[in-house]
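Novice: whatever this is, show me its structure:
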Amino acid sequence: MCGIAGEIRPKGGISGDRAYEVQSVLKRRGPDSNGLYLSDSAVLVHTRLCVVDIENGRQPMSCLRGGGRYVIVYNGELYNTSEIRDELIARGCEFHGHSDTEVVLYAFAEFGSECVYKFNGIFAFAIWDEKKRRLFFARDRIGVKPFFYTLEDGGFLFASEIKGILAATGRQPEIDTQGVMEMMLIGPGRTPGYGVFKGIEELKPACCGFYDENGLRLHQYWSLTDREHTESFEQTAEHVRFLVTDAIQRQLVSDVPIGTFLSGGLDSSLISSVASRALKEKGEVLKTFTVSYKNNDRYFKATKFQPNSDSDFVGKMVDYLGCDSHIVEIDTPELVQALFDAVEARDLPGMADVDSSLLLFCREIKKHVTVALSGECADEIFGGYPWFRDPTVRSKDGFPWAQSTRYRAGFIREEFTSLIDPEDYVQQKYLDTVNSTSKLQNLSPLESRMKEMINLNHNWFMQTLLDDKVANKNKFTCK
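Specialist: The predicted model follows:
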């Protein structure tokens, strides 16, 4: 996890007075090193968590290509780095290290904005073209890496976190009526692209854009598209096996210690198994990390989301893997105290004890490894929630995980509800997503609803969990 930020004024006038303040704000994201690029038209800020090519991956990074000079700040992991590097070398590019940052930079210098179609990874980056005095920026398809921005007095300012925008502008944080509705009714999620605070936006997943003297231009380069499934069951199973295994193996590339979350559930167990096998081939032992809560055996209650406790399954997996197992036990008073740190890290109210427990968990993990893989968001992709399986839950109108709008609205003052009707606000967000779902013709009612559920989860619930993961890792990266 790294921090990126910048200010662009193509006509000049950059002072860079606040650059070091922004860098200080983002240091939590990148504690290992930092860097700054400053010209009369652009300032780029970077704070780095070193994972790959520690010495040669410093940022901001620049290159000369085709008569131009390009400067990048980048936060992410590019999983097909080697393939793209080989293609670029064949086109005459010369590399000085093996970082994915350098590959992204040269890919833009060579292919322009079309480079995003080549990337397999999670990323948010910005590249300043000195010759054209133009900024290009992009965010990965799912929106794992954050990118907030604002337009102010003929300038474009961006940062990995909302607090970075506030530090860059010197603004006091403000919320308007819509911001109140987002926090009270949509929270802990957010409407895609909305930064909640007045004047702040977030670049949507799978979007890229340019900013220059002609203003801001955005483009969505990818979306979920429904296609006919022509594979047999056996072919499908093999295809899924390859995709999952390939995704895990590509994320094991690291120059620093690596581990996995291990809850005992299907997702983390599968990831840990593949990772353990790969590390054993190199003569290494996988480190796994499990969170536990004091007196959990006494107070655990089964729900549709979690029908049983994980502890028994964790033990079975540890025996099977032969891994170096670490169990982190958290007590309730710790969770309460960490709520404040979690909200500050996230910049907005979040998922309460889910946030604080993750923050405490990751603080302990950081003592052993820098990178860890988790199974977060697998339920959204593979249908692991009750609203995918339970016909009663699935058929309900509205967001299946948010059926308490009227109750939540009871906490909002009338001066706000007189301007925006709470139930209409939430329902319209739901309908906008449902109506934008890509669906083939002549689907059965069940198939049609499942497509909608996938789209709802992709655009809302998955984003909420990613916000939680990205914000609360505290000098730690979950790849």
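
Novice: from now on I want contacts and neighbour counts done on CA atoms only, so please keep to that.
Specialist: OK.

Novice: please identify the buried residues of stretch 337-347?
Specialist: 338, 339, 341, 342, 343, 345, 346 (16 or more other Cα atoms under 10 Å).

Novice: C-terminal to the lengthiest helix in the chain, what's the next element?
Specialist: Longest helix in the chain, counting residues (DSSP state H): helix 233-250. As assigned by DSSP states H and E, the chain's next helix or strand after helix 233-250 is strand 258-261.

Novice: centre of the chain versus that next one, how much separation?
Specialist: Remark: strand 258-261 is offset 18 Å from the chain centroid, using Cα atoms, centre = their mean, to the nearest Å.

Novice: kindly report the same for stretch 397-415.
Specialist: Distance, centroid of stretch 397-415 to centroid of chain: 26 Å (Cα atoms, centre = their mean).

Novice: mean confidence score for that stretch?
Specialist: Mean pLDDT, computed over stretch 397-415, is 92.

Novice: measure that stretch end to end?
Specialist: Using Cα to Cα, to the nearest Å, the end-to-end distance of stretch 397-415 comes to 28 Å.

Novice: can you give me the buried ones in it?
Specialist: 398, 399, 400, 405, 409.

Novice: and for stretch 271-281?
Specialist: 271, 272, 273, 274, 275, 276, 277, 278.

Novice: cool, and stretch 381-395?
Specialist: 383, 385, 386, 387, 388, 394.

Novice: equivalent analysis for stretch 184-197, please.
Specialist: In stretch 184-197, the ones that count as buried by 16+ other Cα under 10 Å are 184-192, 194-197.

Novice: what residues does it touch?
Specialist: Contacts with stretch 184-197, where a contact means Cα atoms under 8 Å, 6 or more residues apart in numbering, come from 148, 162, 173-176, 178-179, 182-183, 200-204, 349-351, 405, 408-409, 411-412, 422, 426, 429, 459-461, 463-464.

Novice: run the last query once more with 7 Å
Specialist: The contact list for stretch 184-197 (Cα atoms under 7 Å, 6 or more residues apart in numbering) reads 173-175, 179, 182, 201-204, 349-351, 405, 408, 459-460, 464.

Novice: what about residue 441, which SS state?
Specialist: Put simply, residue 441 is coil when judged by DSSP: H, G, I helix; E, B strand; the rest coil.

Novice: ok, residue 44 next?
Specialist: Following three-state DSSP, residue 44 is assigned to strand.

Novice: the domain parsing of the protein - what is it?
Specialist: For the chain, the structural domains run 3-220, 226-479, going by automatic domain parsing.

Novice: re the thing from before, taking the buried residues of stretch 271-281 one by one, which sit in helices?
Specialist: Of the positions in the buried residues of stretch 271-281, 271, 272, 273, 274, 275, 276, 277, 278 sit in helices, assigned by DSSP H.

Novice: closest to residue 238 among the residues you listed?
Specialist: Ranked by distance to residue 238 (Cα to Cα), these are led by residue 274 at 15.5 Å.

Novice: those strands in the stretch 1-150 of the chain, which residues are they?
Specialist: 3-8, 33-38, 42-48, 61-65, 68-78, 121-129, 134-139, 148-152 (DSSP state E, counting those that start in this stretch).

Novice: most packed of those strands?
Specialist: Among the strands of the stretch 1-150 of the chain, ranked by average contacts under mean count of other Cα atoms under 10 Å, first place goes to strand 3-8 (a mean of 30).

Novice: pLDDT of that strand, averaged?
Specialist: On average, strand 3-8 scores 95.

Novice: mean pLDDT lowest for which of the domains of the chain?
Specialist: domain 226-479 - the lowest mean pLDDT of the domains of the chain, at a mean of 89.

Novice: off-centre distance for that one?
Specialist: Worked out by Cα atoms, centre = their mean, domain 226-479 lies 12 Å from the chain centre.

Novice: likewise stretch 85-96?
Specialist: On Cα atoms, centre = their mean, the centre of stretch 85-96 falls 29 Å from the chain's centre.

Novice: so how far does that stretch reach from one end to the other?
Specialist: Stretch 85-96: ends 12 Å apart by Cα to Cα.

Novice: if you count neighbours, what's buried in that stretch?
Specialist: Here stretch 85-96 shows 85, 88, 93 as buried, counting by 16+ other Cα under 10 Å.

Novice: likewise stretch 434-448?
Specialist: 434, 437, 438, 439, 448.

Novice: still on that earlier bit, which among the buried residues of stretch 184-197 gets closest to residue 227?
Specialist: Out of the buried residues of stretch 184-197, the member with the shortest distance to residue 227 (by Cα to Cα) is residue 192, at 24.1 Å.

Novice: in the stretch 201-350 of the chain, which spans are strands?
Specialist: 201-202, 207-212, 215-220, 258-261, 287-293, 324-330.

Novice: quick one: closest of the strands of the stretch 1-150 of the chain to residue 325.
Specialist: Nearest to residue 325, of all the strands of the stretch 1-150 of the chain, is strand 68-78, at 26.0 Å by Cα to Cα.

Novice: quick test: name the residue nearest the centre of this protein.
Specialist: residue 144 (1.9 Å; Cα atoms, centre = their mean).

Novice: ok, that residue touching residue 466?
Specialist: Yes. Between residue 144 and residue 466 a contact is recorded at 6.0 Å, counting by Cα atoms under 7 Å.

Novice: the helices in the stretch 301-450 of the chain, which residues?
Specialist: 311-321, 332-346, 353-365, 378-382, 386-389, 391-395, 405-409, 414-417, 422-435, 445-456 (DSSP state H, counting those that start in this stretch).

Novice: I'd like those helices laid out as a markdown table, including distance to residue 157.
Specialist: Listed next are the helices of the stretch 301-450 of the chain as a markdown table, based on distance: least, Cα to Cα, whole Å:
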| stretch | distance to residue 157 |
| --- | --- |
| helix 311-321 | 45 |
| helix 332-346 | 19 |
| helix 353-365 | 28 |
| helix 378-382 | 32 |
| helix 386-389 | 39 |
| helix 391-395 | 41 |
| helix 405-409 | 34 |
| helix 414-417 | 30 |
| helix 422-435 | 27 |
| helix 445-456 | 30 |
